[in-house]
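Chemist: the amino acid sequence is not available; the structure is as follows:
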């Protein structure tokens, strides 16, 4: 399965254009360029692919679009959005750097909207959980950041969020998934609700009824 970097839907691809680049390291590494079209939006997806003959492993890096993560909602403050977007862009190249950026992004978000006391990330996550203001699914998701990231073994992750340290296999993607959910909860949905309330109050005013409280 592949995810389209244009519409962000997953699909199984069978037909694609392949351009040979060459063999390197005594023919141990085979490099090609994949170009395939999304069946949903017809958008192009170009990938750099390097196969290792020795162990059958390989690496796939996006060329265009540069990431298959969705863009940050416009409602998110720029200084938070920039860390998120950069974390997405560097993920295929440096998971460690991506994790550091996503942790810093999460910490800034919690300080911006959850108004947590400035401490370390682990304690700030606990403060948000204890507040009881998050839905249970989001509570579980944000709590898992500490467990997946193994904060106990790597306290630098919570005390110096921008530090480049070892990451767990699922940590980076999980951090980004949780950030997307928090963006929607803290920034997108409140604005949507406010606009709906404003529209409803306008209709109530037209018929001489009091506005919603």
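Modeler: Yep, it's here. Predicted, not measured: the structure shown is a model, and the values here were computed from it.
Chemist: quick one: low-confidence parts of this structure?
Modeler: Low-confidence segments of the chain, defined by pLDDT under 70: 53-57, 204, 213.
Chemist: which stretches in it count as helices?
Modeler: 78-90, 95-109, 121-131, 136-148, 156-159, 171-183, 189-206 (DSSP state H).
Chemist: of all those helices, which one is nearest residue 47?
Modeler: helix 78-90 (15.0 Å; Cβ to Cβ). (Each C-beta comes from the backbone N, C-alpha and C, glycine too.)
Chemist: buried set for that closest one?
Modeler: 80, 81, 83, 84, 85, 87, 88, 89, 90 (16 or more other Cβ atoms under 10 Å).
Chemist: between those, which sits nearest residue 150?
Modeler: residue 87 (18.7 Å).
Chemist: that closest one reaches residue 95, doesn't it?
Modeler: No. Counting by Cβ atoms under 8 Å, residue 87 stays clear of residue 95, with 9.9 Å between them.
Chemist: let me see the domain layout of this protein.
Modeler: Following the assignment in automatic domain parsing, the chain carries domains at 2-64, 78-198.
Chemist: nearest residue to the residue nearest the centre of the chain other than its sequence neighbours?
Modeler: For the chain, the residue nearest the mean C-alpha position is residue 176 (2.7 Å; Cα atoms, centre = their mean). Nearest residue to residue 176 in three dimensions, chain neighbours excluded: residue 102, at 5.7 Å (Cβ to Cβ, 6 or more residues apart in numbering).
Chemist: the one you found: what's it in contact with?
Modeler: Going by Cβ atoms under 8 Å, 6 or more residues apart in numbering, residue 102 touches 83, 84, 87, 172, 175, 176, 179.
Chemist: redo that, cut-off 6 Å
Modeler: 87, 175, 176 (Cβ atoms under 6 Å, 6 or more residues apart in numbering).
Chemist: make TSV from those and add distance to residue 32 to it.
Modeler: Listed next are those as TSV, based on distance: Cβ to Cβ, whole Å:
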residue	distance to residue 32
87	27
175	31
176	27
